[in-house]
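Enquirer: Okay, here's the prediction I keep looking at, along with the sequence it came from:
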Amino acid sequence: MSENKYHGVVDRVTNDLAIILVDSIKKQFERRVEKLPKNIKEGSWLLLRLNDDQTEIVDATLDPAKQEQKHQTIQDKLNKVKAKSNKKSKLKKKNQ
């Protein structure tokens, strides 16, 4: 049985269950928190190994590289929005 690796993000944690979204295969998994790496929280990125039919998580590890990549993407978008806002604000002041 071969196993497949996917990135998943913890969407939410309720009671002792984590809901993990795997966008690349459009699936959602529920997993008991005690079966996941320590310190997971909403927004944590995981590297998952799934069984052949992609119905079960075989193993999950935190993926700090993916976490940093997503954080940087969000930061870049925020910086662009701030830059546009500042530019519009300066134009508005100039035209007054």
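Expert: Structure received.

Enquirer: Doesn't residue 55 belong to a helix?
Expert: No - Residue 55 is assigned coil when assessed by DSSP: H, G, I helix; E, B strand; the rest coil, not a helix.

Enquirer: how many other residues sit next to it?
Expert: Residue 55 has 9 neighbours, counted by other CB atoms under 10 Å. (Each C-beta comes from the backbone N, C-alpha and C, glycine too.)

Enquirer: can you check residue 10 too?
Expert: Residue 10 is flanked by 21 other residues according to other CB under 10 Å.

Enquirer: looking at it, it is touching residue 42, isn't it?
Expert: Yes - counting by CB atoms under 8 Å, residue 42 is a contact partner of residue 10 at 5.7 Å.

Enquirer: And the helices in the protein, which stretches?
Expert: For the chain, the helices defined by DSSP state H cover 64-94.

Enquirer: pull the longest strand from it.
Expert: Assignment by DSSP state E gives strand 4-14 as the longest strand of the chain.

Enquirer: That one: which residues count as buried?
Expert: Neighbour counts over strand 4-14 (16 or more other CB atoms under 10 Å) mark 6-10, 13 as buried.

Enquirer: May I see those residues arranged in a markdown table, with pLDDT and distance to residue 79 as well?
Expert: Below are these laid out as a markdown table (pLDDT from 0 to 100; distance: CB to CB, whole Å):
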| residue | pLDDT | distance to residue 79 |
| --- | --- | --- |
| 6 | 96 | 29 |
| 7 | 95 | 24 |
| 8 | 96 | 27 |
| 9 | 96 | 22 |
| 10 | 97 | 26 |
| 13 | 95 | 29 |
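
Enquirer: Closest one of the residues you listed to residue 64?
Expert: Residue 64 lies nearest to residue 7 out of the buried residues of strand 4-14, by CB to CB, at 12.2 Å.

Enquirer: could you check the distance from that closest one over to residue 60?
Expert: 11 Å (CB to CB, to the nearest Å).
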